[in-house]
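# I would like the atomic coordinates for the input below:
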Amino acid sequence: MTMTDPIADMLTRLRNASAAKHETVDMPYSKFKANIAQILKREGFIADFSSKEAKVGQTLEVALKYGAHGEQSIQGIKRVSKPGLRRYAKSDSLPMPLGGLGIAIISTSSGLLTQKECLDRGIGGEIVAYVW
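Got it, this is the predicted structure:
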């Protein structure tokens, strides 16, 4: 079965596993997904991630993070730019999810960055997702 939007699939798996209080979640590997996981780890939304060999190809394993009383680190995650409708933002009109409390993952010519890093560098790009 072909998948039309593997990034939306990744975000949905993270959202569902976090809501079900799973410790880890597996998904098909890609460099783009690994870069998204790296940003989520750097910003403190997930504990860790790794790639491992599967029967066919590779699998990305993401270890989810929870608070001291079991509260989710990822309260919400939303795909913004979709295959049917791409969303772009210039450097002077970058989104600030939840007034700056969340992050926007933006695909730029310099790779995947958060909106804060894009503001520092003065570049814009395609808005991939919001995470809060």
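
# which ones are touching K78?
Contact criterion Cβ atoms under 8 Å, 6 or more residues apart in numbering gives L11, A129, Y130, V131 as the residues in contact with K78. To be clear about C-beta, it is placed using only N, CA and C from the backbone, and glycine gets the same treatment.

# now the spatially most central residue of the chain, what's its secondary structure?
Most central in the chain under Cα atoms, centre = their mean is I36, positioned 4.4 Å from the mean C-alpha point. State at I36, reduced to three classes by DSSP: H, G, I helix; E, B strand; the rest coil: helix.

# could you number the chain from 19 rather than 1 from now on?
Yes, from this point I'll number from 19; that puts the last item at I54.

# per-residue confidence for it?
The confidence metric pLDDT takes the value 98 at I54.

# which ones are touching the residue of the chain most remote from its centre?
Relative to the average C-alpha location in the chain, and by Cα atoms, centre = their mean, no residue lies farther out than K73, which sits at 25.1 Å. With Cβ under 8 Å, 6+ apart as the criterion, no residue contacts K73.

# what about it, distance to R33?
Shown here: K73 relative to R33, a distance of 26 Å by Cβ to Cβ, to the nearest Å.

# what do you get for R60?
Taking Cβ to Cβ as the measure, R60 falls 19 Å from R33.

# mind checking which of those two has more residues around it?
Per other Cβ atoms under 10 Å, whichever of R60 and R33 has more neighbours is R33, with 18 against 11.

# which residues of this structure fall in helices?
In the chain, helices defined by DSSP state H lie at 24-37, 49-60, 133-139, listed in chain order.

# and the first one, how far out from the chain middle?
I take that to be helix 24-37. Between the mean C-alpha location of helix 24-37 and the chain-wide mean there is a distance of 9 Å, by Cα atoms, centre = their mean, to the nearest Å.

# give me the contact list for it.
Outside of helix 24-37, the residues within contact range by Cβ under 8 Å, 6+ apart are 21, 42-43, 45-46, 48, 50-51, 54, 58, 64, 78, 80, 82, 90-92, 94-97, 100, 146-147.
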